[in-house]
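Enquirer: sequence-free structure coming up:
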């Protein structure tokens with residue numbers, strides 16, 4: 001009888017770890033898909049690196065993975081200047 005309980009315990013333990021592994025795999029797949037979605041597939045105009053969409057103060061900007069160049073889409077420069085208008089040098093420069 002004790003052997004059956006031990007086998008049952010091992011089976012439950014194996015099931016638990018299998019379920020946890022499946023959750024981790026699902027989370028990693030979701031992270032990989034999210035990272036792939038951030039890659040725009042657009043080449044950098046300066047060095048032919050890949051532009052990666054990054055978050056800067058809740059504004060999506062494109063940053064090159066090779067030369068670290070920053071590329072802004074239409075309206076993003078205005079959004080950055082508006083956010084920085086009161087306190088930062090950037091807003092004062094264009095304000």
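Expert: On my side now, so go ahead. Bear in mind the structure is a predicted one, so any value in this text is a computation, not a measurement. Numbering: from 1, shown residues only.

Enquirer: And the residue nearest the centre of the chain, what's its pLDDT?
Expert: With distances taken as C-alpha atoms, centre = their mean, residue 35 lies nearest the centre of the chain, 5.2 Å away. Residue 35 is assigned a pLDDT of 74 by the prediction.

Enquirer: And residue 69, by the same measure?
Expert: 89.

Enquirer: Determine the number of other residues adjacent to it.
Expert: 15 (other C-beta atoms under 10 Å). C-beta here means a position set from N, CA and C on the backbone, and glycine is covered the same way.

Enquirer: hey, which helix or strand in this structure has the poorest pLDDT?
Expert: helix 89-94 (a mean of 58; mean pLDDT, DSSP states H and E).

Enquirer: Distance from the chain centre to the longest helix seen in the chain, please.
Expert: Identified as the longest helix of the chain according to DSSP state H is helix 2-38. How far helix 2-38 lies from its chain's middle: 24 Å, per C-alpha atoms, centre = their mean, to the nearest Å.

Enquirer: Repeat that for stretch 65-83.
Expert: Taking C-alpha atoms, centre = their mean, one finds stretch 65-83 lying 18 Å from the centre of the chain it belongs to.

Enquirer: and if you look at stretch 55-69?
Expert: Here stretch 55-69 shows a centroid-to-chain-centroid distance of 12 Å under the convention C-alpha atoms, centre = their mean.

Enquirer: Next: stretch 32-50.
Expert: With C-alpha atoms, centre = their mean, you get 12 Å for stretch 32-50.

Enquirer: Report the separation between the two terminal residues of it.
Expert: The first residue of stretch 32-50 is 17 Å away from its last residue (C-alpha to C-alpha, to the nearest Å).

Enquirer: Same check on stretch 46-57?
Expert: OK, stretch 46-57 end separation, C-alpha to C-alpha: 25 Å.

Enquirer: average pLDDT across it?
Expert: In this model, stretch 46-57 carries a mean pLDDT of 82.

Enquirer: who's in contact with that stretch?
Expert: Stretch 46-57 is contacted by residues 38-44, 60-67, 69, 71, 80, 83 when judged by C-beta atoms under 8 Å, 6 or more residues apart in numbering.
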